[in-house]
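Asker: below is the sequence, then the predicted model.
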Amino acid sequence: MLQFDRHSNFKHGLKLSLGLGFLEHKIRIQDDSRSAIQFFGTFGLGLDRLTNGFCTSGFVGYEFKSNNGKINFYSGFESILGFTQNRRAWNYDTAISEAGINRKDLLLQFKIGWYLPFFFERHSETIEY
């Protein structure tokens, strides 16, 4: 049982992180029997809806780390905002072109993570050669 008193040396509190990245998504068409020839070649490129662009991410949550290293976890909310564009000149399924149209993709998620510590020695600050 964990006891929180004023003399404990647990490290816990608010965790914030920001990041930049690259977001890409497309429709993957799988035809194992190779019977639908319309999905292959240049026509298949108009059906996959390839979209990509840069994105920003942010995380706000709670983090707890114990001194013995056995109980270390975090939880919180993460949002990813992507500034993407369609990379195909023509969408064959909708019969329109979305080239040059900017879009914003928003992903919201709740995350729970557990840190797994690995200890190799009892006194890791001593290095022997």
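Answerer: Yep, that arrived. Numbers count the residues shown, from 1 in each chain.
Asker: quick one: contacts of stretch 29-44?
Answerer: 47-48, 92 (CB atoms under 8 Å, 6 or more residues apart in numbering). Using the backbone N, CA and C atoms, a C-beta is placed for each residue, glycine as well.
Asker: and for stretch 56-64?
Answerer: Identification of contacts with stretch 56-64 by CB under 8 Å, 6+ apart yields 10-21, 71-81, 111.
Asker: in a strand, residue 109, correct?
Answerer: Yes. Inclusion of residue 109 in a strand is indicated when DSSP: H, G, I helix; E, B strand; the rest coil is applied.
Asker: so it touches residue 75, yeah?
Answerer: No. Using CB atoms under 8 Å as the test, residue 109 is too far from residue 75 to be in contact (11.5 Å).
Asker: reformat the contacts of stretch 29-44 as CSV; add secondary structure, distance to residue 61 and pLDDT.
Answerer: Formatted as CSV, the contacts of stretch 29-44 follow (DSSP: H, G, I helix; E, B strand; the rest coil; distance: CB to CB, whole Å; pLDDT from 0 to 100):
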residue, secondary structure, distance to residue 61, pLDDT
47, coil, 39, 77
48, coil, 35, 80
92, coil, 43, 75
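Asker: picking that back up, so how do I select the buried members of the contacts of stretch 56-64 in PyMOL?
Answerer: Of these, the buried ones can be selected in PyMOL as follows, counting by 16 or more other CB atoms under 10 Å:
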select buried, resi 72+74+76+78+80
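Asker: which element is residue 12 on?
Answerer: strand 11-25 (DSSP states H and E).
Asker: list the helices and strands that strand packs on?
Answerer: The elements that strand 11-25 packs onto, with contact taken as 3 or more CB pairs under 8 Å, 6 or more residues apart in numbering; DSSP states H and E, are strand 51-65, strand 72-86.
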